[in-house]
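Q: sequence and predicted structure, then a few things I'm wondering about:
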Amino acid sequence: MAETTTIRLPPKLRARLGALAKQTGRSTHSLIVEAVERHTEYEEQMRGLVKDALAADRDIEKTGEVYRAEDVHAWMQRLAVGEPAPKPSPWRK
């Protein structure tokens with residue numbers, strides 16, 4: 001069973017939620033839960049992207065491999081249409 005959490009909403013936001021709930025035939029509770037779920041997923045995704053970017057930076061520092069964006073884009077486009085495509089060569093190593 002879900003636990004209860006109490007939040008204090010500014011009156012204008014509470015009124016907007018109430019109006020939206022009425023218009024959509026949903027409960028205010030369901031709108032709040034959906035908003036929290038979406039924002040939690042967004043924050044988790046952003047943290048994952050930052051973690052991946054920092055790992056890529058460390059990898060560049062370690063290997064010195066850097067690729068030109070246009071080479072990578074061309075490679076990805078060939079892969080997307082099913083063409084055989086060798087991995088691009090590093091621009092700098």
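A: Right, received. Where do you want to start?

Q: packing partners for the longest helix belonging to the chain?
A: In the chain, with assignment by DSSP state H, the single longest helix is helix 28-63. Contact here means 3 or more C-beta pairs under 8 Å, 6 or more residues apart in numbering; DSSP states H and E; on that basis helix 28-63 packs against helix 11-24. Where you see a C-beta, it was placed from the backbone N, CA and C, and this is true even at glycine.

Q: show me what the helix it packs on is packed up against.
A: If you count contacts as 3+ C-beta pairs under 8 Å, 6+ apart, helix 11-24 packs onto helix 28-63.

Q: which residues are contacting the helix or strand just after the helix it packs on?
A: As assigned by DSSP states H and E, the chain's next helix or strand after helix 28-63 is helix 69-80. Contact with helix 69-80 is made by 84-89, 91, as judged by C-beta atoms under 8 Å, 6 or more residues apart in numbering.

Q: next, the buried residues of helix 69-80.
A: For helix 69-80, a neighbour-count test (16 or more other C-beta atoms under 10 Å) marks Trp75 as buried.
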